[in-house]
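**Student:** Predicted model and sequence follow; I will ask about them next.
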Number of protein chains: 2
Amino acid sequence: MSNTTDLPSTSQPPSDRTRVRRVAENARYDRATLHAIIDAAYLCHVAFVDGKGTHCIPTACWREGEHLYIHGSNGGRLIRLLQDGTQACVTITHLDGLVLARSAFNHSMNYRSAMVYGQFEAVAEKQASLAALMDHIAPGRQSEIRAGSSKELAATTVMRIALGEAACKVRTGPPVDDTEDMEHPAWAGVLPLVQHRAAPVVDPLCAIEPPPYVRAWAHAPC
Amino acid sequence: MSNTTDLPSTSQPPSDRTRVRRVAENARYDRATLHAIIDAAYLCHVAFVDGKGTHCIPTACWREGEHLYIHGSNGGRLIRLLQDGTQACVTITHLDGLVLARSAFNHSMNYRSAMVYGQFEAVAEKQASLAALMDHIAPGRQSEIRAGSSKELAATTVMRIALGEAACKVRTGPPVDDTEDMEHPAWAGVLPLVQHRAAPVVDPLCAIEPPPYVRAWAHAPC
């Protein structure tokens, strides 16, 4: 857990490369916004460079305190490269709607995005962190499943990146048109998109009664 | 439009860096899968490198033929850098569900992802491409809105990347557990996630009747 005195202020970017320049009024540098965006995500995109170029790989993620966590097979490219201390950029984007303005130019999207810069480090307490991932996906499930064997754990790497160098960008609300376009006869508003939980699909080979987190799935907000 | 003889075969990756290694049976190299993943997306993540490090930026995207398109303000970092011919990696990921297996190790996600490697190039026919973006967002809207002025068009850059060096990865279906775990008494199945269209939210300042694409929004599949 980072010392909280190291955390950036809520109104200023923690570094030059996290300073939002385009539509800077949508920038958010506070912890609550960053945490909420990560906690609402099941996956992130991790960008990094190796000898073959720049890559952008989607992978499952979760948050513990002031770190974002990922995991993977020891042999995978992502894990192998990140273990070398390669600089990474992790981005999470939730698309909330299409913003239809009266002019073509003022069309936009409503979204919540977070970018985290830094280096990943391997996590020694793998079992505890993988339990936190399970809690993120299905709270209460950890005690029901067959736990990871020592061989499975040995084949898995858990890594984390500190949230110190991060920036968020959030757009909400209706379109913002130029004053001279307000009488233009085009419908204006937002076409919302939401990540929706559909009814659970039981494995045909499973005869176990659904536990509470499965029964609640399609009814809980995402 | 690329010459179709240049396109990769449907079963082999077009380059070494697009060869899917982890869970290689989920790899897809055919055009139909790639096109469908892009066409279902409103945004992509673009990874690239500049003097400040590796970045991963979300931005709106659309497809025309064998290219993925983005646009932005001339002055924005993304556009400025990509115009220099920087190598980029564009990734789109649709998360379709959480896959709950009987063992911790076999948990997974259902998803459709596409990665495209290459260099962006500026598009001269900006107006036609921006009309294609509008058609992607709201078919039929292009003729209703106030079109881009010459000043607005001049401030906007449209860029595209060829789809020649691309790979997709798709996972569907129930969990795959080890045979010896099949009797373990944990519920197994998929908790589906879908991108859902919620009811349009009209701009409070708009008195225009909703056009067909707005009325159909919440009822059409995403």
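**Tutor:** Alright, I've got the coordinates.
**Student:** Tell me who's in contact with A:Ala132.
**Tutor:** For A:Ala132, the contacting residues are A:62, A:64, A:69, by Cβ atoms under 8 Å, 6 or more residues apart in numbering or on different chains. C-beta here means a position set from N, CA and C on the backbone, and glycine is covered the same way.
**Student:** Can you tell me the element the residue lying closest to the first one once chain neighbours are set aside falls in?
**Tutor:** Spatially, and ignoring its direct neighbours in sequence, A:Trp62 is nearest to A:His136 (4.2 Å; Cβ to Cβ, 6 or more residues apart in numbering or on different chains). Here A:His136 sits within helix A:126-137, counting by DSSP states H and E.
**Student:** Distance check, A:His136 against A:Ala60.
**Tutor:** 9 Å (Cβ to Cβ, to the nearest Å).
**Student:** For these two, list the residues in contact with both.
**Tutor:** Taking Cβ under 8 Å, 6+ apart as the criterion, A:His136 and A:Ala60 both touch A:Tyr42.
**Student:** quick one, phi psi at the most far-flung residue of chain A relative to its centre?
**Tutor:** Most distant residue from the mean C-alpha position of chain A: A:Glu183, 39.1 Å away (Cα atoms, centre = their mean). Note on A:Glu183: its backbone torsions stand at phi -90, psi 0 [degrees, to the nearest 10].
**Student:** give me the low-pLDDT residue ranges for chain A?
**Tutor:** A:1-10, A:220-222 (pLDDT under 70).
**Student:** What residue, apart from its backbone neighbours, is nearest A:Pro204 spatially?
**Tutor:** B:Pro174 (6.8 Å).
**Student:** For that neighbour, which residues are in contact?
**Tutor:** A:201, A:203-205, B:99, B:188-190.
**Student:** can you do 10 Å?
**Tutor:** Listed by Cβ atoms under 10 Å, 6 or more residues apart in numbering or on different chains, the contact set of B:Pro174 reads A:201-206, B:99-101, B:110, B:188-190.
**Student:** next one: A:Leu34
**Tutor:** Neighbours of A:Leu34 in contact, by Cβ under 10 Å, 6+ apart: A:7-8, A:28, A:63, A:66, A:68, A:92, A:114-116, A:163, A:166-168.
**Student:** Please, which helix or strand holds A:Ile38?
**Tutor:** Short version, using DSSP H and E: A:Ile38 is in helix A:31-39.
**Student:** That helix: which residues count as buried?
**Tutor:** A:31, A:33-38 (16 or more other Cβ atoms under 10 Å in any protein chain shown).
**Student:** still on that earlier bit, okay, the helix holding A:His136 in PDB with CA atoms only?
**Tutor:** Presented in PDB, the C-alpha positions along helix A:126-137 are these (Å, rounded to 0.1, in the frame of the first residue of the first chain):
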ATOM      1  CA  LYS A 126      -0.200 -14.900  -5.000                       C
ATOM      2  CA  GLN A 127      -2.900 -16.900  -3.300                       C
ATOM      3  CA  ALA A 128      -4.300 -13.900  -1.400                       C
ATOM      4  CA  SER A 129      -4.400 -11.800  -4.500                       C
ATOM      5  CA  LEU A 130      -6.100 -14.500  -6.600                       C
ATOM      6  CA  ALA A 131      -8.700 -14.800  -3.900                       C
ATOM      7  CA  ALA A 132      -9.200 -11.000  -4.200                       C
ATOM      8  CA  LEU A 133      -9.800 -11.500  -8.000                       C
ATOM      9  CA  MET A 134     -12.300 -14.200  -7.300                       C
ATOM     10  CA  ASP A 135     -14.100 -11.900  -4.800                       C
ATOM     11  CA  HIS A 136     -14.200  -9.200  -7.500                       C
ATOM     12  CA  ILE A 137     -15.800 -11.600 -10.000                       C
END
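**Student:** How about that helix, which residues are buried there?
**Tutor:** So, applying 16+ other Cβ under 10 Å, buried residues of helix A:126-137: A:126, A:129-134, A:136-137.
**Student:** wait, does the lengthiest strand in chain A make contact with chain B?
**Tutor:** Ranked by number of residues, the top strand in chain A under DSSP state E is strand A:87-100. Yes: Strand A:87-100 comes into contact with chain B (Cβ under 10 Å from any Cβ of the partner chain), by way of A:87-100.
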